[in-house]
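K.L.:
Provide a 3D model corresponding to the input given below.
(one chain, ligands or ions: 2)
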Amino acid sequence: MGIPPDPAGPSEADVLEALRAVIDPELGDNIVELGMVTGVRVGAGGRIDVEVALTIAGCPLRSQLDHDVRARLAALPGAGPVELTMGVMDAARRTEVMQRARWKVREQAPETGIDPTTRILAVGSGKGGVGKSSVTVNLAVALARRGLTVGVLDADIWGFSVPRLLGMDGDVEARRGKMIPLERPAGAGRLKVLSMGFLADEDRAIMWRGLVLNRAVQQFLQDAEWGALDYLLVDLPPGTGDVQMGLARMLPRTELIIVTTPPVAAQKVAARAADMARRGYLRVAGVIENMRDFTCEHGTTYRLFGSGGGERLAAEIGVPLIGAVPIHPDMASAGDAGRPVADGEGELAATFAEMARAIAEEIAPVIETAGCSARMLERVERAVSGT
Ligand SMILES: Nc1ncnc2c1ncn2[C@@H]1O[C@H](COP(=O)(O)OP(=O)(O)OP(=O)(O)O)[C@@H](O)[C@H]1O
Ligand SMILES: [Mg+2]
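P.N.:
Ligands and ions are numbered 1, 2, ... in the order given. The predicted structure is shown next:
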């Protein structure tokens, strides 16, 4: 109190809105909706005081929430220093919060095969052909090379391209009525992939017809056995339609990575993405600029489409620029050969490795539960069950 808030700084309503992007992965809802935000104050210089009440004192997700709250508030225009106080709720309040979370999960989100500790990143754009699928598979490989287990859900039902880009082929098998994602190693980690491309052969198509016809993405989430994943990357079809809304409904904690290209990064896309974020359909984690500039074999760089659009878009919607990928013939040829550039060495691989590092360490870190990543839990489960 006392000091009037900075007119250039965020309002308390802005702070609350930003905190809606922070999800308690165990409870599957945002901390505002769950009633975990017990105090918000904005002071001089945009200084933000926030109090968050955890469900239990030794909450294994404490550092996760701490990180996410700070990241979201730092992205607010005009935000000053952030003072975050973590308290613990009393038993009555905890019961109430848990009840509300359970009610919400039951009422709103159908059960999915995705663990609460999996980070879900959907890769989308307002426009087709900007490189969503190429970015998705290369990011997935780069994350897996960090020793993680990464799911890839090809949500482009009619225009699937993930199997070709990853050089994967085969038929999805079923176990106890659940689809089993196809797997392949990538560096020290693994990829688990589901795509219509694995169901498209004649017999499979008949077998799954009832299942997949118009609710394929839902089936990929609900009727699949993904096992423990550190990340699930979703390759979205172009546009901002049904699939995006469905994902937001089924997995409200999904975060969106927007891929843009320099000429596209204009007002319209920014406005659309910001609007999507505002309406709470999908929260935006960051922006990747693809096809930035072209460097020929003589080392000359050509700004074919210009550059900097990614930065502008990111700034406009108040999220980080995760990275920029140049136009490079290898992106196309590696895709055609089914050997993602991120799987090799060289400059493009390094670009994706750096983006994976930024994601895993800063933007959307692996959810550690009591010191175990999902991958470690799975390893333990495997060891115990002897498979
Ligand atoms: N950085 C890049 N340099 C050169 N070619 C690229 C680059 N990124 C993607 N491409 C090529 O551009 C084309 C479109 O890429 P991609 O299929 O990944 O885009 P998309 O956004 O998923 O498209 P759609 O909207 O159809 O799903 C592909 O031929 C791909 O190989
Ligand atoms: Mg695509």
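K.L.:
Within range of ligand 1, give me the residues from the stretch 101-250 of the chain.
P.N.:
Those residues of the stretch 101-250 of the chain that sit near ligand 1, judged by Cβ under 6 Å from any ligand atom, are 128-134, 156, 159, 161, 238. (C-beta placed from N, C-alpha, C; glycine too.)
K.L.:
List buried residues within these.
P.N.:
130-134, 156, 161 (16 or more other Cβ atoms under 10 Å).
K.L.:
Run through the neighbouring helices and strands of the strand with the most length in the chain.
P.N.:
Longest strand of the chain, by residue count under DSSP state E: strand 283-295. In this structure, strand 283-295 packs against helix 132-144, strand 255-260, helix 267-278, strand 301-302, helix 309-317, strand 321-327, with contacts taken as 3 or more Cβ pairs under 8 Å, 6 or more residues apart in numbering; DSSP states H and E.
K.L.:
May I have the residues that are in contact with the residue of the chain found nearest ligand 2?
P.N.:
Proximity of the chain to ligand 2 (Cβ to the ion) peaks at residue 133, 3.3 Å away. By Cβ atoms under 8 Å, 6 or more residues apart in numbering, residue 133 lies in contact with 154, 156, 161-162, 165, 235.
K.L.:
and the stretch 251-387 of the chain, which residues reach ligand 1?
P.N.:
Neighbours of ligand 1 within the stretch 251-387 of the chain, by Cβ under 6 Å from any ligand atom: 290-291, 325, 327-328, 331-332, 335.
K.L.:
Buried members of the residues you listed into PyMOL, please.
P.N.:
Per 16+ other Cβ under 10 Å, the buried members of these correspond to this PyMOL selection:
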select buried, resi 290+291+325+327+328+331+335
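K.L.:
Any chance of CSV for the residues of the stretch 251-387 of the chain next to ligand 1, columns pLDDT?
P.N.:
Formatted as CSV, these follow (pLDDT from 0 to 100):
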residue, pLDDT
290, 91
291, 88
325, 94
327, 90
328, 92
331, 94
332, 92
335, 89
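K.L.:
Ligand 2 next: which of the residues of the stretch 251-387 of the chain next to ligand 1 are close?
P.N.:
Counting by Cβ under 5 Å from the ion, the subset of those that neighbours ligand 2 is empty.
K.L.:
Quick check: of the residues of the stretch 251-387 of the chain next to ligand 1, which lies closest to residue 175?
P.N.:
residue 335 (30.7 Å; Cβ to Cβ).
K.L.:
and the angle for the helix or strand that closest one falls within with helix 132-144?
P.N.:
Take DSSP states H and E as the rule and residue 335 turns out to sit in helix 329-337. Here helix 329-337 points in a direction 90 degrees away from that of helix 132-144 (axes from the mean of the first three to the mean of the last three Cα atoms, to 10 degrees).
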